[in-house]
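Colleague: Please work out how this folds:
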Amino acid sequence: MAKIKDLDDLDTSEKTNKFIAAADMSKGKKNKGGRPKKEASEKASEQIFINVTSGEKAKIEAHAKELGISVSALCKISLAKFI
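Modeller: Now for the predicted structure:
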């Protein structure tokens, strides 16, 4: 196998240059992954605060855990029938 001793020995043909350009992955836009961004109308940006006793909070958290959902999701589901 021939060794490259000088830059003049390096193959700089158009075919080789096209191959190198096609193999260069740094030029393309990378896909960041993840889900698409929500529309502004779909984003939940408002908050509602309620006060509960420690016993009520424990019951709500236990029920949410039983269902395998967050407390927030449980509250949204519970309130959905009224809105």
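Colleague: and E66, which of the three is it?
Modeller: State at E66, reduced to three classes by DSSP: H, G, I helix; E, B strand; the rest coil: helix.
Colleague: Pop out the phi and psi values for S78.
Modeller: Taking degrees, to the nearest 10, you get phi -60, psi -40 for the backbone angles of S78.
Colleague: and it, what does it touch?
Modeller: Applying CB atoms under 8 Å, 6 or more residues apart in numbering to S78 gives no contacts. In short, each C-beta sits where N, CA and C put it, glycine included.
Colleague: That one and G68, how far apart?
Modeller: 16 Å (CB to CB, to the nearest Å).
Colleague: got it, and K76?
Modeller: From K76 to G68 the distance is 15 Å (CB to CB).
Colleague: neighbour count winner among those two?
Modeller: For K76 and G68, the more surrounded residue by other CB atoms under 10 Å is K76, and the numbers stand at 13 against 7.
Colleague: and the more buried one, what is it in contact with?
Modeller: By CB under 8 Å, 6+ apart, K76 has no neighbours at all.
Colleague: Average pLDDT for the host helix or strand of it, rounded please.
Modeller: Here K76, judged by DSSP states H and E, is contained in helix 71-80. Taken as a whole, helix 71-80 carries a mean pLDDT of 94.
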